[in-house]
Structure formats: C-alpha cells, structure tokens
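Novice: Return atomic coordinates for the entry below.
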Amino acid sequence: MAINYDKLRARPFPDVVQEYSFKDTILYALGLGLGQDPMDRGQLRHVYEEGLVALPTMGVVLAGPGFWLREPDTGVDWPKVLHGEQGLTIHRPLPTEGRVVGRLRIDEIIDKGQGRGALLYTTREVRDAATEELLCSITSTSFLRGDGGFGGPTGPIRQPHPVPEGEPEAHFDWTLGPHAALLYRLSGDFNPVHADPDVAAQAGFKQPILHGLASYGVAGWSIAQLLCGGRAEKLRRLDLRFTSPVYPGETLRTEIWRLGSGAAAFRVRVPARDVVVLNNGRAEFEA
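Specialist: Numbers count the residues shown, from 1 in each chain. You can find the predicted model right below:
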C-alpha cells in the first residue's frame, strides 16, 4: 500500500489529553541520568519534590500520539521509518504536574523519489488543558525510507543548522547508566528495541539502544550546564538531527560554538567510539 498524499496530508488527529504528576516529572529526569550525585543540588532540583523544577525537554514526551505511522491507513512502510530530526520551542515553563492537551498536525510530506524515501514534517502543540495556554511546540522530521516515489511534492526540504568550522569552544560530558533505556522507557516509549536484546539484534544492533529522545534530553541538560549556569529552565529552543544510535552506559560529549547572545550551535559525540550521534544542533536560551 503506497502513500496517498492528499489523504495523509489531511489526516486528522484527535486531541491527546495527558494528566501527569510530580512523580512523572522526576521519572523523566531520572531517565536522563540526573541524580547520579546525591550532593549535587543542581541535579536534585529536578529529581526531588521539594522545590521541584521540570526539565523543559520533558515537553517532547507529553501528550504525544504514539507511533501512529504504524496504522494501516497511512500507507507508510512503518518498519523502515527513522526519526530524523527533532525540535522544541518552549513558550513558558512546564508545570511540574498538571493536565495537558497535545495537538498534532502534518506540515508536509516530501517525496525524494523512487528508492530514496520521503520526509514527513509534523508539529505538535502542547497546551494547558484548562486554560489553552501554549506551553511548547514540538517539530519532528521522520525519514520514511521505504516510501519514495508516491508522486508528492519534491520540496522545499528543510535545511539543517550548519555546524561551524573549527574546534568547539567548550564541551560537557555526561555518562548514562547501563539501565538508562529501561528507566527512560517508563516516560512513554515502550518500543522493545530499547529493552529486548533479541529485538535489538533483529534490528541490527549489538544490544538494546537508547531512545533518541533520551539523548536529546541529555543534550538539553548539557547545554544548560554549558550556557545557562546549570539552570535548565533558561532553555528556550533546541533543534537537532539524529545521526547515530547511542548505547546505554556510554558517555555523551556535547560540544558547543557560541553564535552570539542567546544562541549556540552544538553537536553530541560518543568519544569512546569517535562517532557523532546528534548533529546540526541549535540552541536558544535566556542570556
């Protein structure tokens, strides 16, 4: 079954309402590895209910529609779908608990041609369910590897943020525990490739891999350490491209180039394997 461009482009999505508690806010932060040092008050404020502050990147796991591309009516060859890019704009600090509503829309579907796949651009708004106040906007690019040649538009293709030339100005290392994926999946993504060694092997991995959005959250935390004085709530925007999988237990090195007041380019590497796992990053923050 091939993609029907007009049908998929106009696909309606029901509102997704989610109620979450302070425990969910803490669990999200624990899934990113916070709390490793019980004496670090900068970490503690995100994993302890007294004075709790929600990490802004938690917005990406709130009120999501799930893996809807798996539904037969989409026409998508879903086993070949990859998460290509992720963006987040924070409009106001996330409450540590509350009731939110997520609304997803398809922005465009780009046909790269037969055998070259397609790009699916979506935006999800997360709002306070009671007041309709916009909390954050989440953009995503999915690479539909098996779906090129359906006759859709060939552009425009969104260009990733360029990586500056030369050595990065600073870096921050963050090591994840070997149980990181098992903990992070409790925030809502139960794909077995992150837990089951047999499923991971079938997908071509030596072991279960970390969720892309977990490495995304680590990038946000690391940017806060490098540019926001450790105050993650100063983060305003975080955009990046996923380029390689991460394994639980690895050290992620976030490298930055300052672009002026309130903005920076970044990438994330795994030094032990000398591989870039997140690239073309741009962060905006309260200067």
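
Novice: residue ranges for the helices of the stretch 51-200 of the chain, please.
Specialist: Taking DSSP state H, counting those that start in this stretch as the test, the helices found in the stretch 51-200 of the chain are 180-184, 197-202.

Novice: Out of the ones you listed, indicate the one that is most buried.
Specialist: Among the helices of the stretch 51-200 of the chain, the stretch with the highest mean neighbour count (mean count of other CB atoms under 10 Å) is helix 180-184, at a mean of 22. Where you see a C-beta, it was placed from the backbone N, CA and C, and this is true even at glycine.

Novice: List the buried residues for stretch 133-148?
Specialist: Applying a neighbour-count criterion of 16 or more other CB atoms under 10 Å, one finds 135-145, 147-148 buried in stretch 133-148.

Novice: rewinding a little: between the helices of the stretch 51-200 of the chain, which gets nearest to residue 8?
Specialist: Residue 8 lies closest, by CB to CB, to one member of these: helix 197-202, at 27.4 Å.

Novice: now what about that closest one, what contacts it?
Specialist: The contact list for helix 197-202 (CB atoms under 8 Å, 6 or more residues apart in numbering) reads 192, 193, 194, 206, 207, 208, 209.

Novice: Rebuild these as JSON lines, extending it with pLDDT and neighbour count.
Specialist: Output for the contacts of helix 197-202, formatted as JSON lines (pLDDT from 0 to 100; neighbours: other CB atoms under 10 Å):
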{"residue": "192", "pLDDT": "91", "neighbour count": "14"}
{"residue": "193", "pLDDT": "91", "neighbour count": "19"}
{"residue": "194", "pLDDT": "94", "neighbour count": "22"}
{"residue": "206", "pLDDT": "95", "neighbour count": "10"}
{"residue": "207", "pLDDT": "95", "neighbour count": "12"}
{"residue": "208", "pLDDT": "96", "neighbour count": "22"}
{"residue": "209", "pLDDT": "96", "neighbour count": "21"}
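
Novice: how about these, which pair is most distant?
Specialist: Longest span within the contacts of helix 197-202, CB to CB: 192 and 206, 15.7 Å.

Novice: helix/strand/coil for the residue nearest to residue 245 when sequence neighbours are not counted?
Specialist: Leaving aside its chain neighbours, residue 245 sits nearest to residue 209 (4.4 Å; criterion: CB to CB, 6 or more residues apart in numbering). Secondary structure, DSSP: H, G, I helix; E, B strand; the rest coil: residue 209 is coil.

Novice: okay but residue 209 is in contact with residue 181, surely?
Specialist: Yes. If you go by CB atoms under 8 Å, residue 209 and residue 181 touch, sitting 7.0 Å apart.

Novice: what's the overlap in contacts for the two?
Specialist: Counting by CB under 8 Å, 6+ apart, the common neighbours of residue 209 and residue 181 are 194, 248.

Novice: can you give me how far the helix or strand of the chain with the lowest mean pLDDT is from the chain middle?
Specialist: Every helix and strand in the chain was compared by mean pLDDT, DSSP states H and E; the lowest is helix 197-202, with a mean of 92. Put simply, helix 197-202 sits 23 Å off its chain's centre (CA atoms, centre = their mean, to the nearest Å).

Novice: Same question for stretch 221-237.
Specialist: Worked out by CA atoms, centre = their mean, stretch 221-237 lies 16 Å from the chain centre.

Novice: And stretch 22-30, by the same measure?
Specialist: In terms of CA atoms, centre = their mean, the centre of stretch 22-30 is found 16 Å from the chain centre.

Novice: how about it: buried residues?
Specialist: By neighbour count with 16+ other CB under 10 Å, stretch 22-30 contains the buried residues 24, 25, 26, 27, 28, 29, 30.

Novice: Reduced to three states, what does the fifth one come out as?
Specialist: So that's residue 28. Following three-state DSSP, we place residue 28 in the helix state.

Novice: would a markdown table of the buried residues of stretch 22-30 with distance to residue 42 be doable?
Specialist: Below are the buried residues of stretch 22-30 laid out as a markdown table (distance: CB to CB, whole Å):
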| residue | distance to residue 42 |
| --- | --- |
| 24 | 21 |
| 25 | 16 |
| 26 | 15 |
| 27 | 18 |
| 28 | 16 |
| 29 | 11 |
| 30 | 15 |
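
Novice: hang on, the earlier thing: mind checking which of the helices of the stretch 51-200 of the chain is nearest residue 267?
Specialist: Residue 267 lies closest, by CB to CB, to one member of the helices of the stretch 51-200 of the chain: helix 180-184, at 20.2 Å.

Novice: tell me the average confidence for the lengthiest helix in the chain?
Specialist: Ranked by residue count and defined by DSSP state H, the top helix of the chain is helix 212-227. Mean pLDDT, helix 212-227: 98.
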